[in-house]
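A.B. asks: quick one, structure for this:
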Amino acid sequence: MAEDNIKIISKEKPLEESLNKAVRGDGEVVSSSMEPSDIDVKITELKQILAWNKLGCDIKWSIFVSACQSYRVSSCLHPFPPMFIKNQHKDISAVLECINQMPLLSSVLHSQRNSHPSPKLCDLIYLLHWLLVEQSPSLEEVPRDQYDSVLNLVSCEPNVAKPDFIFQVQYSPQSSIESNWSKLSLGRKKILHAFHGSRLENFHSILNFGLQQHFNKNSLFGQGIYLSSQLGICLIYSPYSAGWGGSCVGSELSIVSLCSIVDDPDQVKCQEDTEENRRRALAQDSLGGEVPHKYYVVENSALVKVKYVLVYTRHKVTASHQVHR
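C.D. replies: Model prediction:
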């Protein structure tokens, strides 16, 4: 498993360690304005999800932090955590202030054994529960010995660096993304697979709402979502960006999504080998002619679903800080 080589960076506490100390030694949960039973349940559920999916939670939190810190926060932080919306005003300053409480979550609750935690620490527990427990999808780590089978879904070029981690995107059956995908893909003979690169800060919205064609700035070969079987090309659109400073995997991440595509000849533009299907390579609104080989332009967002995310990391720490599991 990939977690065998996890390393801690900075002085911040890992998510699980912070929550493990959120309960007093006698088992009583510390509370302030919230009912003890309410925060007790939230802490218990957070500890449960961290127990079986530590790395997935870590990456999801890092993606969220990146969206919060983006200069395009108004579009990247979507959905916005509802507990920070007051009178229809989205208080991003309060969200950032709450994020800054993360390294204090364990130390403050542990040191103030006879007093209540600050309201901001209570807000942090609510925020973590909303993001990691309530929000679909979850990110589930793929075992390292299965990486090749995942990457082989796309006939990509050789000699491209393999990701440090791969996570399968697991949507709730009740989510709109999963529901719509099931309807569209039902009975289809062919599902294509391709990569899509984007900045780290965009993945909070991508995971929650899917790839959206109206966010795409590239329209040379027509309006739509641009994907490719060339992983190296997609990595160009996924530069390393700062995530969460306390992440177990690295302070800077690059993420590429591996997507499933419903093969609809009328709405998925690509090159095909047969001459009679050459018209499929040309969109009506294309400015640059036919879609190049190994590219896909999907004109309907509902035909694309993110199936995996490939995570590349940078700025890991030395082995002396390795987590023992």
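
A.B. asks: hey, what's residue 256 bridged with?
C.D. replies: Beta bridges link residue 256 to residue 197, residue 310, judged by DSSP bridges.

A.B. asks: I should have written residue 192 there, sorry.
C.D. replies: Here residue 192, judged by DSSP bridges, has bridge partners residue 261.

A.B. asks: count the residues that sit near it.
C.D. replies: For residue 192, the neighbour count with other C-beta atoms under 10 Å is 20. Every residue, glycine included, has its C-beta placed from N, CA and C.

A.B. asks: show me the contacts for it.
C.D. replies: Counting by C-beta atoms under 8 Å, 6 or more residues apart in numbering, residue 192 touches 260-263, 268, 296.

A.B. asks: least confident of those?
C.D. replies: Minimum pLDDT across the contacts of residue 192 is recorded for residue 268, with 80.

A.B. asks: thought residue 261 was touching that one, still the case?
C.D. replies: Yes: between residue 268 and residue 261 a contact is recorded at 6.1 Å, counting by C-beta atoms under 8 Å.

A.B. asks: tell me, what's touching these two both at once?
C.D. replies: 192, 296, 298, 303.

A.B. asks: for the third one, what are phi and psi?
C.D. replies: Meaning residue 298. Taking degrees, to the nearest 10, you get phi -100, psi 120 for the backbone angles of residue 298.

A.B. asks: ignoring the adjacent residues along the chain, who's closest to it?
C.D. replies: residue 225 (4.5 Å; C-beta to C-beta, 6 or more residues apart in numbering).

A.B. asks: can you pull the domain assignment for the protein?
C.D. replies: With domains defined by the TED database, the chain comprises 36-136, 139-314.

A.B. asks: just for the chain, where's the confidence low?
C.D. replies: Applying pLDDT under 70 to the chain flags the ranges 1-37, 104-118, 156, 189, 213-222, 270-271, 273-279, 281-289, 291, 315-325.

A.B. asks: swap in 90 and give it another go.
C.D. replies: 1-52, 54, 75, 100-125, 155-162, 172-190, 212-225, 245-251, 263-302, 314-325 (pLDDT under 90).

A.B. asks: on that earlier part again, looking at the contacts of residue 192, which is nearest residue 83?
C.D. replies: residue 260 (33.2 Å; C-beta to C-beta).

A.B. asks: residues in contact with residue 61?
C.D. replies: By C-beta under 8 Å, 6+ apart, the neighbours of residue 61 are 15, 128, 131-132, 244, 247.

A.B. asks: let's see that with 6 Å instead.
C.D. replies: Taking C-beta atoms under 6 Å, 6 or more residues apart in numbering, we find residue 61 in contact with residue 244.

A.B. asks: what's the helix or strand for it?
C.D. replies: Element membership for residue 61 (DSSP states H and E) is helix 54-69.

A.B. asks: C-terminal to that helix, what's the next element?
C.D. replies: Counting by DSSP H and E, the element after helix 54-69 in chain order, helix or strand, is helix 73-76.

A.B. asks: what's next to that following helix, contact-wise?
C.D. replies: Contacts for helix 73-76 (C-beta under 6 Å, 6+ apart): 67, 70, 92, 201.

A.B. asks: would you put the C-alpha positions of that helix in CSV?
C.D. replies: The C-alpha coordinates for helix 73-76 follow below in CSV (Å, rounded to 0.1, in the frame of the first residue of the first chain):
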residue,chain,number,x,y,z
VAL,A,73,-12.0,31.6,-4.5
SER,A,74,-15.5,32.8,-5.6
SER,A,75,-15.6,30.2,-8.3
CYS,A,76,-13.2,27.5,-6.9
